[in-house]
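Asks: Below are the sequence and a predicted model for it; my questions follow.
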Amino acid sequence: MLLRRWRPGDREPFARLNADPVVMQHFVGTLSREDSDAFAGRIEKQFEERGFGLWAVEVPGVAPFVGFVGLSVPSFEAHFMPAVEVGWRLDRPYWGRGYATEAARASLADGFERVGLTEIVSFTTPINLPSIAVMERLGMTRDPNDDFDHPGVPKGHPIRRHVLYRIAAP
């Protein structure tokens, strides 16, 4: 597996991934091509501004782009902010192969060792059991008192409630 900076050719498979309602079931909705391209631009900008970001994931011999995994700074206010999040989004054919866990583990190591972070968080909806399983495999822990209503999700929306996991630097 290769975690790398984004290439122009990643935008097409990234847009397909973001337009898939199954991939995006734990988000408010799918993304248009324009919104997906804008997101890719923000990812690149975060690398330039912060020195870390969401890596494009390539699996040589399998696919040149399977999704993203990495570190980002959430763009909303919450009780646990400021924070750096480890997150992932992989295309469906690559679910259940351990790619998210392996890449997220490498991202945590980078965040703690190179970037010098003292804590990293991750969050999702309570029904996103595959992502919660990844968080737990990474050694992240949840305190139910940290659960929160995501301010980017409309009130009354079924995915507004989120669970928060944390991991401290070793």
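Replies: Cool, got the structure. Bear in mind that the values here come from a model prediction, so they are computed numbers and not experimental data.
Asks: Strands of this protein, start to end?
Replies: Secondary structure of the chain (DSSP state E): strands at 2-4, 54-59, 63-72, 85-90, 119-124, 141-142, 148-149, 161-168.
Asks: list the buried ones in stretch 82-96?
Replies: Residues 83-91, 94 are the ones in stretch 82-96 that count as buried (16 or more other C-beta atoms under 10 Å). Backbone N, C-alpha and C define where each C-beta goes, glycine included.
Asks: before we move on, the earlier item: reformat the strands of the chain as TSV; add mean pLDDT and distance to residue 15.
Replies: Formatted as TSV, the strands of the chain follow (pLDDT from 0 to 100; distance: least, C-beta to C-beta, whole Å):
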stretch	mean pLDDT	distance to residue 15
strand 2-4	97	18
strand 54-59	98	13
strand 63-72	97	11
strand 85-90	98	12
strand 119-124	98	22
strand 141-142	98	32
strand 148-149	96	29
strand 161-168	98	25
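Asks: And these: which comes nearest residue 100?
Replies: Evaluated over those, closeness to residue 100 peaks at strand 85-90, with 4.5 Å, by C-beta to C-beta.
Asks: Can you give the contact residues for that closest one?
Replies: 17-18, 23, 54, 57, 66-74, 99-100, 103-104, 107-108, 111, 120-123, 131, 134, 138 (C-beta atoms under 8 Å, 6 or more residues apart in numbering).
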